[in-house]
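Asks: Take a look and give me a structure for this.
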Amino acid sequence: MNVNIYETSLVKAESPEINFKFQNPHSFSVKTSGGFAQFKGLYKGVYRTCRDGQVYIDLSGLNLYLQVDLTRSDENKFHPKISSCEFSVDEIFVEMKRPLFPQAIDAFKQLFLKYLSKQMCKFAENYADKIGDKFQEALNNSPISLKELGLHKFDSTLIREPILDKNSLFFALNGKFGQKEESERSRMFETDTNHMIYTYISEFVFNEFLNSFENKELKIEKSKKMDELLKNYKLMKSEDSMDIRIKFNEAPKIQFMDYGAKLVLNFNALLKSSSSDESLVSANFKLKTLIEKFEINAVLDGIFDDNNNNDDDYKLNAKVTIDDIEITDIISFLPEAFNLAEILPHVIKANKDIFGEIIESNLHSLFPIETNSYLRVTTIKGFFRSKTLIFGFDFASDGHLIRRLQLP
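Replies: Residues are numbered from 1 along each chain as shown. Model (predicted):
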């Protein structure tokens, strides 16, 4: 007898217990047990004569076994791959309205289980593909990133297969802005457990990013202490204020350490009167600084607009000290600025703490950070480690991440 099944639909179900098991750094298994499912449909049986009717199928003990490998696609994107899929049930009960003889019912059971097993494995493969796309989309929309300047583009493709352990999933992104290859990659520490997500930016990648600042001009935020200092030295009128613009002679260089970061700056500074917009004096500066503290506090748990994910709702707290300062090529543009040019090196070196504060208040321009509400992160913390800048992220609840990764 030939038995065909069609118009099959799920009536009700009870979810099975799901267990995940770590296999190796690049794979894990998923195993289900228990649970219940009830289907209904239509059948048509042909043996000498044609007979059709309704069929009801009860399944108990839904045993699905999946072996999931974490791989990269040919485009170096995240690709979870189902390498093994098996499905069975503990019990199956079939009721046919217009019943067939027992041998036909047994054949129907085998046919239905074969059909269901094929559909379950096909669903698992499609689900894995979509989860991979969702994860890659999340990787491309980091809660925090460095703003791209000019032709320097951040490369978010994977450089190796994702690494899985019992507590975390690690993605190694290419990250380079330029064409140079990085010899040493950032790595995850076992102690990195205080936050839900960590992003590691290597010293190499950050310096590649800073290369885009060569010859770039920045307007420095005004400093009240700077204005007061110049007024005290009678280098500026009491009712006036000073504007400062800098242009980098060389790209900044940074070295990350456990206790801070050494930042070397080489730029030309132009001081202008805010009231008259006249240039007063310019000079070349070479600074060796130490960033002792680097913390980012961001609150992104307000109203999220999916059409506009970029936010700047964060505060950068830093403590900067100037270890060494060299001032050369001082040029005065106006006669009244001659005195300023003459004593400027002494004023700056005697008040390095003030200029350290100026760097602190403008560090957001040197490290232009972009926040992204795609994952609906609520907090961001930044800190240093040897050769690595680290950001830690948290969600208000696991539901924020789940909603972003859920499939349509």
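Asks: For the stretch 51-200 of the chain, which residues score under the pLDDT cut-off?
Replies: For the stretch 51-200 of the chain, the stretches flagged by pLDDT under 70 are 146-156, 166-167, 175-187.
Asks: One more: the stretch 251-400 of the chain?
Replies: Applying pLDDT under 70 to the stretch 251-400 of the chain flags the ranges 297-315, 336-337, 368, 371-379, 395-400.
Asks: Mind doing that once more with 50?
Replies: 301-311 (pLDDT under 50).
Asks: I figured Gln136 hits Lys77, correct?
Replies: Yes - with contact defined as CB atoms under 8 Å, Gln136 reaches Lys77; the gap is 4.9 Å. (C-beta placed from N, C-alpha, C; glycine too.)
Asks: Give the helix, strand or coil label for Arg160.
Replies: coil (DSSP: H, G, I helix; E, B strand; the rest coil).
Asks: Show the contacting residues for it.
Replies: The contact partners of Arg160, by CB atoms under 8 Å, 6 or more residues apart in numbering, come to Arg72, Ala172.
Asks: For Ser212, see how far away it is.
Replies: 26 Å (CB to CB, to the nearest Å).
Asks: How about Ala172?
Replies: Taking CB to CB, one finds Ala172 at 23 Å from Ser212.
Asks: The two - which one has more neighbours?
Replies: Using other CB atoms under 10 Å, the more surrounded residue of Ala172 and Ser212 is Ser212, with 20 against 16.
Asks: how about the more buried one, secondary structure?
Replies: Three-state assignment for Ser212 (three-state DSSP): helix.
Asks: Check which residues of the lengthiest strand in the chain are buried.
Replies: Longest among the strand segments of the chain by residue count, using DSSP state E, is strand 49-72. Buried residues in strand 49-72, counted by 16 or more other CB atoms under 10 Å: 51, 55, 57-60, 62, 64, 66-72.
Asks: counting contacts, what elements does that strand pack onto?
Replies: Packing partners of strand 49-72 (3 or more CB pairs under 8 Å, 6 or more residues apart in numbering; DSSP states H and E): strand 27-33, strand 36-47, strand 78-97, helix 102-139.
Asks: strands paired with the first one, and their directions?
Replies: Strand 27-33 has the following strand partners under DSSP bridges: strand 17-24 (antiparallel), strand 49-72 (antiparallel).
Asks: Output the ones you listed in a markdown table; the columns should cover distance to Asp106.
Replies: Listed next are the strands paired with strand 27-33 as a markdown table, based on distance: least, CB to CB, whole Å:
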| stretch | distance to Asp106 |
| --- | --- |
| strand 17-24 | 29 |
| strand 49-72 | 13 |
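Asks: Quick one: closest of those strands to Lys225.
Replies: Nearest of these to Lys225, taken as CB to CB: strand 49-72 at 51.7 Å.
Asks: what separates the spatially most central residue of the chain from Lys12, distance-wise?
Replies: Centroid check for the chain by CA atoms, centre = their mean gives Ser142 as the closest residue, at 2.6 Å. From Ser142 across to Lys12, the span is 41 Å (CB to CB).
Asks: same deal with Ser145?
Replies: Look at Ser145 and Lys12: by CB to CB, they are 46 Å apart.
Asks: Neighbour count for these two, which is higher?
Replies: Neighbours per residue (other CB under 10 Å) separate Ser145 from Lys12, with Ser145 holding more: 19 against 9.
Asks: Tell me how far the residue lying farthest from the centre of the chain lies from Asn2.
Replies: For the chain, the largest distance from the centre (CA atoms, centre = their mean) belongs to Arg48, which lies 64.5 Å off. Using CB to CB, one gets 11 Å for the distance from Arg48 to Asn2.
Asks: closest one to Ser202 among the strands paired with strand 27-33?
Replies: Once these are compared by CB to CB, strand 49-72 is nearest, at 19.5 Å.
Asks: Off-centre distance for that closest one?
Replies: A distance of 37 Å separates the centroid of the chain from that of strand 49-72, by CA atoms, centre = their mean, to the nearest Å.
Asks: now the angle between strand 36-47 and it, please.
Replies: On the basis of axes from the mean of the first three to the mean of the last three CA atoms, to 10 degrees, strand 49-72 is oriented at 130 degrees to strand 36-47.
Asks: Beta-bridge partners for the spatially closest residue to Glu217 that is not a sequence neighbour, please?
Replies: Excluding the flanking residues, the one nearest Glu217 by CB to CB, 6 or more residues apart in numbering is Lys247, at 4.7 Å. On the basis of DSSP bridges, Lys247 is bridged to Glu217, Asn268.
Asks: and Lys247, how many neighbours?
Replies: By the measure other CB under 10 Å, the count of residues near Lys247 is 16.
Asks: Verify the contact between it and Lys219 for me.
Replies: No - applying CB under 8 Å, one finds Lys247 not in contact with Lys219, separated by 10.7 Å.
Asks: just to revisit the earlier point, assign the residue nearest to the centre of the chain to helix, strand or coil.
Replies: coil.
Asks: Tell me the spacing between it and Asn249.
Replies: Using CB to CB, one gets 31 Å for the distance from Ser142 to Asn249.
Asks: related to what we said a few turns ago, can you give me every residue that contacts the residue nearest to Glu217?
Replies: Asn215, Lys216, Glu217, Leu218, Phe267, Asn268, Leu270.
Asks: what's the distance between Asn194 and Asp394?
Replies: Distance from Asn194 to Asp394, by CB to CB: 9 Å.
Asks: For those two, indicate the residue with more neighbours.
Replies: Comparing Asn194 with Asp394 by other CB under 10 Å, the one with more neighbours is Asp394, at 16 against 9.
Asks: can you tell me the helix or strand for the more buried one?
Replies: For Asp394, the element it lies in under DSSP states H and E is strand 388-395.
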